[in-house]
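Colleague: Would you be able to build a 3D model of this:
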Amino acid sequence: MHLFGGTAMINIPGALHSFLLSIINFIFLSIIGYYGLLIDTSKDHMQNILFSIYCGLTVSICYKLSRGSSNPNVFWNMIKYDLLKIKRIIRQNEDIQDPLPDKLRTIVKERLQSDILLCFLICIVVFAAHASTTFTSLQPILNYIICSIVIILGTLFHYVLPQVRKQLPWLLFSEPLIKQADYALFEPTEATKVLFIEKLFVWIVFIEKNILLPCTYLGALSHSAPTVINKFGLLPSILILTLCSMKMLRIGYCNPSRHFLYVLLTTIMTYLMTSKCSETFLLNYFVLSTLTEKLIDFKEKLNFIFVYCAPWQISWGSAFHAIAQPFCIPHSAILVVQCLMSALLNSPLMPLLGSAAFISSYPRPIKFWEKNYNTKRIDNTNVQLQAQINEFHCGLDDNNLNAIFYEHLTRVLQASLCGEIQLGRLGKVNTGDFFILTSDSLNCMIHLIELGNGFITFQLRGLEFKGTYCQQREVEAITEDIDKNRGLCCCEAGRFPHMLSLNAAFTQRWLAWEVICLKFVVDGYSIKENKFNETVVGYDLRKRLISLMIKAVIFYAIRSDQLVSWLENEQIRQAMMQFSDPDQVDVDPSFTTLFDDDFKVGAGGVTKKTFTFVYGSWMNLCNNKRQIPLSSSQEDDLITFCFILSLLARRTLSSSLPSHHTALLEIYHENFVHGFYSLFKGDFRLAHKDEWAFADMSLLKNVIAQGVRMSLKLNQDSFLEMSEYLDNEKLYEDIAQNDTNLVITHEASPEWRNAILSNKPSLLALRRALVESIDEYRIVMLDRRHLSFRIVKVSKECVRGFWASQQHELIFLRNRNPERGSIQNAKQVLRNMINSSSDQPIGYPIFVSPLITSYSSTSKPINDIIGGELAWNLIKKTFSTFFQRAHVFFLSHCVGNASGTNEVIQLAERRTMSTVTAAAHAQQSSFSVPATSTLPDQIRPLSIQQNMNTNNSGEMPVNNTVSNKKILPSDQQTSVLVKRTSDSLVTTTITTTTTTTTTTTNDEPTRRRSSLSTELNISDRNNRKMFNALNNSTSTTIYSNKDLCTSSNNQINKSMVTYSTNGSSNEKVIIIDTTAIYDSINLGRRIDVIWPNEQMRLNGGRNVWSGWMPSVGMTGLVVHRWIPRHRDARQRSHIDKCILLVHIDKHDKFVPIAEHGVRFIGESTYL
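Modeller: So this is what the prediction gives:
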């Protein structure tokens, strides 16, 4: 990092990979730069092609290095599986595959494709900029201008803007000066909206990285190179320039907030100071960037010591702290030297046993921990079956089950954290920073390990939901409302509006943490818990639960696709034969009149007859809802099958109950709850008479288990409205809806983890918890929604010091006291939360994620602002869309000469012929106007009129042409009449009775196309006449066969519809959005559109609809189209949207509606 300006190292292989990559590129660039200076021995060494190539390659290579993570595993997996085509080994027992590795590989592949293209473009642009002599001829004024711009923008957007967006700006104001859109909301209901200042910040950073940074480098290189060459010689100079250039460019690409600070200090030293210690710009930048980092580290260590040892807020965790405090006073004289040495060696300064005595630890990397400790989730996939029976013995406690929520939060942050940082919502961020996220139940620490160009690597550490007393006190300190503090020293003097009081401002300055954001909204799950024990206390409540369980079992049994195979199974049929007699009694002691509705007191058990009497209507309803009905014999077997299933479920539920119902009520209640929980998690202990269920294990998995789990949800909902479940229809709908939208399973099941990581909307589970050696059963309900977190930034030296101290105390000093003083709460430094988050066994986090890399390309706000990665598929899709739109535009709007219309005429003829053919097969007269107002759609009738002899009335028969071997009916023949009138072009298709059968061939359309093409190529004058005639035409009247002989009047009815030839269509649409209707553009105002004719206008608005309004789902035919900026005023839209005129034939209305308010449902045979 200090040598080449790279990002943090996450492990030894990653460090070796990054170092070798930097060395190889350094040598490569040095060779090119050396020969670039060597081939030109003139006075101006800088201006030659090879050295310009060196500059372009330096910028592009540093850009690529800044875009890559130091973890080579993802890149290597992409090479192994995509390039080398090595097949992945998939375990047979892994029914659910994690999509994360494939997703990461796809992201890395897209970034690699984008980097290849951008590096090539950057190299060319930088090469051209350097070769233009701009940066050599305008020295040093150009450097002053560029550096001034960098400093001004950096001060405004990397210092002022993060401060005004903090919760306590400059620790003086009581609220942010620039607030988020959801700042005043109690509970967010949607993702945080992107502010304009956030968009501006993203663009400023983009400009800093991609424009100002290369300009700063080229200016600094042009200014520094001649001096360095003259002072050190050719070979040492190129090594120095390459090393300094790589560090400057990589810092600028990865961390613009620090880059502007280094540029500020370098500018002051280079251009404003005349000291002999000052070197050129690049050398000063290299040295000052390293010194500044060490000084910042030194300052943070001193700040940690002062805050931790302040006498007015010292918290003694043990008697040793009280004794050690006075003896640390003489030791404080050497603390400054100790801090300086620790900053130079990058070693934490740790409090000895948590006291005020500080000693230096050994040097540590930013990741801190040498070993990669990750939480191993315990569930049914990695626990032996014997251990699953008693989950407490295998680690299935609350902490293990709650860890999945932190895993889900990690996945969510992986997709959004990099984007949130680039939007500036976490303030100014640097490598190694620590953040604590707190909410009602979730408390976690985020360690930012690697900060790169467009990516960030972090690790999340989740704390206990209900932590210790010390943890709760520190959480309360974070959530404390400081607005109530109005103290001034020892009195209540008040405070200025929106300002902190003097005491509050003083207190906030003596903390090792500060609140950055009050509402950080992420997608997550709200967790609700109810005690299951209390829902089945009385006999009636248990009876209701058993009844709902039986109904749910019947529901899943009848609904299953395997029902027929179960009814035909020989082993199951033998079990049903035992109850062929309806009065056959099952006198199992698990059945009782207290819990079973179908218990027959006289018989002393449950019979098939009483079961049918109680649940017969429910079985009939479920059977009627089946898609494939059963036969009458199968329906008789179905009753018996459902009966033995209910016996199986109840007997299994009672397997853990005492044999005598006269036992103590409390003991019986506990056994009942435990038995239901065993069924819920899938622990079936079948009796000998129920072993027939082993004939198909899916019976237990898909019927009994699902029924038990669904009954838990139904029983919980019954407390809200029990009367609803007395109706079988309502109960069936609720079960079907819950089965579709709700995931109900045990938390140790892999389906539970997969459902949470797949962002299912709702989940429900039954959890067994051990509270003070007492079993407690809780109903856990999860609802997916937006969660609000409070973000706290903690001093990284504070965290590193406490972690080193705990490791030293537990491993080297062997102090394993769980109540040791070094982990007690200290609100000013959050000592307990920090120590709890360290790796086990030193700390006790319930979840520690692996190193997760978040990319900016997965953030939707960033993609909306500056776009995503330039992948090949995206480029190909963009160009394809552009050329398609260009093709459609020119085809629709450009009128070519006569020589280019042959293909257009052929297209028009094919569309006209298809219309006539459809009319012939329908045995009725019709006409379909072309779909658009383009040349192919309008030239066909005119060309026919010009190529054929007309009679005196202007009418002309056109023989119907269909495909080869198409035969019309013997009593009908279809022809087309084209009639030219003074104001319109009227085309109709009529059917006349004939006694002959007409068979057409393919020769006639060929001759017609030839005739049309020849006529159109006679002269341009004929074409102009055609288009003038076309533009003068206003409407085409279409008559149905029924009203062909009626007079040509202007009245509109359902058998005569007037269509526009300009912009008309034969497409049928359905209305999907009524807000897109323009119901007031028929008023005849100057701002309105020009209607095709007066009759349409008089029937096309709200003022003439007489209370009728279009609704969603109505269908109609598009009869006209107004297009924005059309050259013809009659087809020109008055807004920037395309408006369709839809004729609703059912109501005889014309509806103007925007194109996005309808959905096309194909071409219509509208008559």
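
Colleague: Report the secondary structure element holding F520.
Modeller: Per DSSP states H and E: F520 is located in strand 513-531.

Colleague: For that strand, which residues meet the burial criterion?
Modeller: The neighbour-count check on strand 513-531 (16 or more other CB atoms under 10 Å) flags 513-525 as buried. C-beta: built from backbone N, CA, C; applies to glycine.

Colleague: Kindly report the same for stretch 74-81.
Modeller: 74-75, 77-78.

Colleague: from the chain's centre, how far out does it sit?
Modeller: Computed by CA atoms, centre = their mean, to the nearest Å, the chain-centroid distance of stretch 74-81 equals 24 Å.

Colleague: Tell me the spacing between the residue nearest to S762 when sequence neighbours are not counted and C490.
Modeller: Leaving aside its sequence neighbours, S762 sits nearest to L742 (CB to CB, 6 or more residues apart in numbering; 4.9 Å). L742 sits 58 Å away from C490, going by CB to CB, to the nearest Å.

Colleague: now swap in L764 and tell me
Modeller: 55 Å.

Colleague: Can you pick out the residue with more neighbours from these two?
Modeller: Taking neighbours as other CB atoms under 10 Å, L764 and C490 compare with L764 leading, 20 against 7.

Colleague: wait, what's in contact with the more buried one?
Modeller: Shown in contact with L764 (CB atoms under 8 Å, 6 or more residues apart in numbering): 709, 712-713, 742-744, 779-782.

Colleague: Tell me the strands beside the helix or strand containing it, with direction?
Modeller: Per DSSP H and E: L764 is located in strand 762-771. The strands beside strand 762-771 in its sheet (DSSP bridges) come out as strand 742-744 (parallel), strand 774-794 (antiparallel).

Colleague: Kindly reformat those as CSV and extend each row with mean pLDDT, distance to E370 and mean neighbour count.
Modeller: Formatted as CSV, these follow (pLDDT from 0 to 100; distance: least, CB to CB, whole Å; neighbours: other CB atoms under 10 Å):
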stretch, mean pLDDT, distance to E370, mean neighbour count
strand 742-744, 94, 40, 21
strand 774-794, 91, 22, 18
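
Colleague: nearest to I862, of these?
Modeller: Evaluated over the strands paired with strand 762-771, closeness to I862 peaks at strand 774-794, with 18.9 Å, by CB to CB.

Colleague: any idea which helix or strand comes after the closest one?
Modeller: That would be, after strand 774-794 and using DSSP H and E, helix 796-807.

Colleague: any idea of the mean pLDDT for the next helix or strand after that next one?
Modeller: Following helix 796-807 in sequence order, the next helix or strand is helix 831-836 (DSSP H and E). The pLDDT scores in helix 831-836 average 91.

Colleague: can you give me the offset of whichever helix or strand comes after helix 831-836 from its chain's centre?
Modeller: Once the chain leaves helix 831-836, the next helix or strand it forms, by DSSP H and E, is strand 847-848. Chain-centre distance of strand 847-848: 23 Å, with CA atoms, centre = their mean.

Colleague: Hmm, the residue nearest to S762 is touching Q716, no?
Modeller: No: look at L742 against Q716 with CB atoms under 8 Å: they stay out of range, at 11.4 Å.

Colleague: Could you name every residue contacting both of the two?
Modeller: Counting by CB under 8 Å, 6+ apart, nothing touches both L742 and Q716.

Colleague: W510 is in contact with A310, correct?
Modeller: Yes: if you go by CB under 8 Å, A310 and W510 touch, sitting 5.8 Å apart.

Colleague: For L121, grab phi and psi.
Modeller: The phi and psi values for L121, taken as degrees, to the nearest 10, are phi -70, psi -40.

Colleague: Quickly note the distance from it to A128.
Modeller: Counting by CB to CB, the gap from L121 to A128 is 11 Å.

Colleague: Between those two, which contacts overlap?
Modeller: Listed contacts common to L121 and A128 are nil; contacts here mean CB under 8 Å, 6+ apart.

Colleague: Can you list the buried residues in stretch 490-503?
Modeller: In stretch 490-503, counting by 16+ other CB under 10 Å, buried: 495, 500-501, 503.

Colleague: how about these in TSV, adding secondary structure, pLDDT and distance to A225?
Modeller: Listed next are these as TSV, based on DSSP: H, G, I helix; E, B strand; the rest coil; pLDDT from 0 to 100; distance: CB to CB, whole Å:
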residue	secondary structure	pLDDT	distance to A225
R495	coil	79	57
L500	coil	90	51
S501	coil	89	56
N503	helix	87	57
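
Colleague: contact partners of stretch 228-245?
Modeller: Contacts for stretch 228-245 (CB under 8 Å, 6+ apart): 3-4, 26, 29-30, 33-34, 37-38, 45, 58, 62, 217, 221, 224-225, 280, 282-283, 285-286.

Colleague: which parts of the helix or strand where T290 lies are buried?
Modeller: For T290, the host element (DSSP H and E) is helix 281-309. Within helix 281-309, the residues that count as buried by 16+ other CB under 10 Å are 281-290, 292-293, 297-298, 300-305, 307-309.

Colleague: now do stretch 609-628
Modeller: Buried, per 16+ other CB under 10 Å, within stretch 609-628: 609-612, 614-615, 618-619, 621-623.

Colleague: Okay then, goodbye and thanks.
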